[in-house]
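Enquirer: mind looking at a prediction? Sequence and model below.
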Amino acid sequence: MRKKESVLTSSSFTSGRSDEKLKKAKLFFRECKRHKGLLIMLIPGIAWFIIFKYIPMYGVTIAFKNYRILKGILGSPWAGFRHFERLFNSSQFGSVFWNTLILGIYRLIFVFPASIAFAILLNEITHLRFKKAVQTITYLPHFLSWVVVATFIHNILSPVNGVLNIILQFFGLGPYKFLMMPEIFRGILIISEIWKGMGWGSIVYLAAITGIDPQLYEAATMDGVTRIKQIWYITIPMILPVIVIMFLMKVGNIMEGGREQILNLYNPIVYRVGDVLDTYSYRVGLVDFDYSYSTAVSLFQNVIGIIFLLVSNIFTRRVSDQGLW
């Protein structure tokens, strides 16, 4: 009798779960049918992602091969973990790894909060025309390539006819070769990145701030709360989920050293502070034509980035109950 009851209970539980799955499936297809126009618009983006992001992943296998152009990926002999051993035993590995990590941490400390602060300050501007003008001016640098931005920086910091050195010489100082000074090179990278990306990076935070209920600010104003306290107790907590998500995405990219920026600004004199995994991979891959080793460097870089992302996501989920998943 007990066996029959247990069988009936388990069968009813199973049927209940199957019914629930069926309902979810029907709801899913109903929503897809309802938003089919939006889904069709997604097709080009998904196709681009598959073609240019997922299919090329097969090329990662050359990190484990002695790649030869004439033999191709399939015909090249396997090398196992030889290229990774070579990377870890390289005399340059320690330097480029720590340079990459230090610059990534600097970006989290200085570049990431700059966009948040700028969005909050921009939201406080009440003059509409002035606000739009500031937005336009600060968004424009994002659309300039690092080649153009680096040209501006060279013209400003050049020891010969550079704007900054002309001003310093007026006060009896200089000239200085700023881009050849290792002690300030990282600062130049961070400042130039803030200038280029701060405005564009603020868009997502401005959108989040716009979604805050205005009645919260009205009630706070009636209670005599200052604007600074409104920002601290209303604005920041309300956009915190967006901040957490963007922070996690930045942590996932912490090992991306900024290849284009550094390649256009650095020189052998500042290698010890400016040479990162990106530029090292570029040199050994496209200059020395050592494609397998270059791919191994990039793969190691991406794996470390994924580890940082997973760890930071677990930490933020435990602390604030916010995360990417």
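Expert: Right, received. Where do you want to start? Keep in mind the model is a prediction, meaning the values are calculated, not measured.

Enquirer: hang on, residue 187 in a strand?
Expert: No: using DSSP: H, G, I helix; E, B strand; the rest coil, the assignment for residue 187 is helix, not a strand.

Enquirer: and the most centrally placed residue in the chain, how far is that from residue 94?
Expert: By CA atoms, centre = their mean, the chain has its centre lying nearest to residue 250, at 4.0 Å. Residue 250 sits 24 Å away from residue 94, going by CB to CB, to the nearest Å. The C-beta positions use only the backbone N, C-alpha and C, and glycine is treated the same way.

Enquirer: show me where pLDDT drops low in this structure?
Expert: 1-18, 324 (pLDDT under 70).

Enquirer: circling back: quick check: the nearest residue in space to the residue nearest to the centre of the chain that is not next to it in sequence vs residue 273, distance?
Expert: The shortest distance from residue 250 to any non-neighbouring residue, by CB to CB, 6 or more residues apart in numbering, is to residue 112 (5.4 Å). In this view, residue 112 and residue 273 are 21 Å apart by CB to CB.

Enquirer: can you check residue 231 too?
Expert: Distance from residue 231 to residue 273, by CB to CB: 36 Å.

Enquirer: okay, the two: which has more neighbours?
Expert: More neighbours surround residue 273 than the other of residue 231 and residue 273, with 20 against 17 (other CB atoms under 10 Å).

Enquirer: I figured the more buried one hits residue 100, correct?
Expert: No: applying CB atoms under 8 Å, one finds residue 273 not in contact with residue 100, separated by 11.4 Å.

Enquirer: where exactly do the strands run in the chain?
Expert: Counting by DSSP state E, the chain has no strands at all.

Enquirer: if I look at residue 74, how far off is residue 67?
Expert: For residue 74, the distance to residue 67 - CB to CB - is 11 Å.

Enquirer: who's more crowded, those two?
Expert: residue 67 (24 against 8).

Enquirer: what's near enough to touch the more buried one?
Expert: Going by CB atoms under 8 Å, 6 or more residues apart in numbering, residue 67 touches 73, 76, 291-292, 295.

Enquirer: hmm, residue 248 and residue 313 touching each other?
Expert: Yes: with contact defined as CB under 8 Å, residue 313 reaches residue 248; the gap is 5.6 Å.

Enquirer: hang on, the earlier thing: quick check: the residue nearest to residue 250 touching residue 247?
Expert: Yes: assessed by CB under 8 Å, residue 112 is found in contact with residue 247 at 6.6 Å.

Enquirer: quick check: closest non-adjacent residue to residue 144.
Expert: Residue 144 sits nearest to residue 196 (CB to CB, 6+ apart), 7.1 Å away.
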